[in-house]
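Peer 1: sequence and computational prediction follow.
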Amino acid sequence: IIDNNNNNNNNMSATEDEKPPGPPPGPDEEVSMTDVTDPRETDVLCGRGGAALRHPGNQTYRRLVNLNKGLYITCLKTEKLKISRSIVAAIREQKGRFLERDAKKGTWYDIGDKKAIEKTSQALREGQPKLRQKMVEMGQIPPEQPVNPIQQQLGNGIYAPRQTPSIGSLGSMQSIGSLGS
């Protein structure tokens, strides 16, 4: 699922490819973020190929992404970012790292939260048009309507800007306000 559009990650030898991932770290064990030689089960390996697809951490990551795609489609941009952050946080909570291969050193390094969130957002967007159409057909979301840029920033009407009341409407507003006291 994670793809950094860099083909340098395909330089794994057959022995590295078949090497089983290490166990997750213990609760007090420090987790190295650079010069990683033995990715753990909880790590997400960035790149293409069978090793990344089969890696337990990537499988967990893909499940989390797939479970959140439907929600991601229906959210505002700020909420979408929260979903991406929460997926990265869930991986990190399990002491997982987002590792990219350093072909020159033959080791792995953590790409950091910013890149991990960007990659997660990209993974959540994958296949979105087909999923959106399926959700429309199932009646889960309304058909997409043209949205003007101002409405898109304001969302679905819930976050409508506060309008200045006219003089004629102040009486009704006061009576509504007095109901609570």
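Peer 2: Sure thing, it's come through.
Peer 1: in the helix with the most length in the chain, what counts as buried?
Peer 2: Longest helix of the chain, by residue count under DSSP state H: helix 56-74. Neighbour-count burial for helix 56-74, with 16 or more other Cβ atoms under 10 Å as criterion, is recorded at 56-58, 60-61, 64-65, 68-69, 72-73. Backbone N, C-alpha and C define where each C-beta goes, glycine included.
Peer 1: pLDDT below threshold where in the protein?
Peer 2: For the chain, the stretches with pLDDT under 70 are 1-31, 145-181.
Peer 1: C-terminal to the one helix or strand K80 maps to, what's the next element?
Peer 2: Using DSSP states H and E, K80 falls within helix 77-93. Counting by DSSP H and E, the next helix or strand C-terminal to helix 77-93 is strand 98-102.
Peer 1: what's the next helix or strand after that following strand in contact with?
Peer 2: Once the chain leaves strand 98-102, the next helix or strand it forms, by DSSP H and E, is strand 107-110. Contact partners of strand 107-110, identified using Cβ atoms under 8 Å, 6 or more residues apart in numbering, comprise 33-37, 39, 43, 45, 97-102.
Peer 1: the host helix or strand of M135 to helix 56-74, inter-axis angle?
Peer 2: Secondary structure from DSSP H and E places M135 in helix 128-137. Going by axes from the mean of the first three to the mean of the last three Cα atoms, to 10 degrees, helix 128-137 is angled at 60 degrees with respect to helix 56-74.
Peer 1: in helix 128-137, what counts as buried?
Peer 2: 131-132, 135.
Peer 1: just name whatever secondary elements that helix is in contact with.
Peer 2: In terms of contacts (3 or more Cβ pairs under 8 Å, 6 or more residues apart in numbering; DSSP states H and E), helix 128-137 is packed against helix 56-74.
Peer 1: helices or strands up against the helix it packs on?
Peer 2: Using 3+ Cβ pairs under 8 Å, 6+ apart: helix 56-74 touches strand 44-45, helix 77-93, helix 112-125, helix 128-137.
Peer 1: many thanks, we can stop here.
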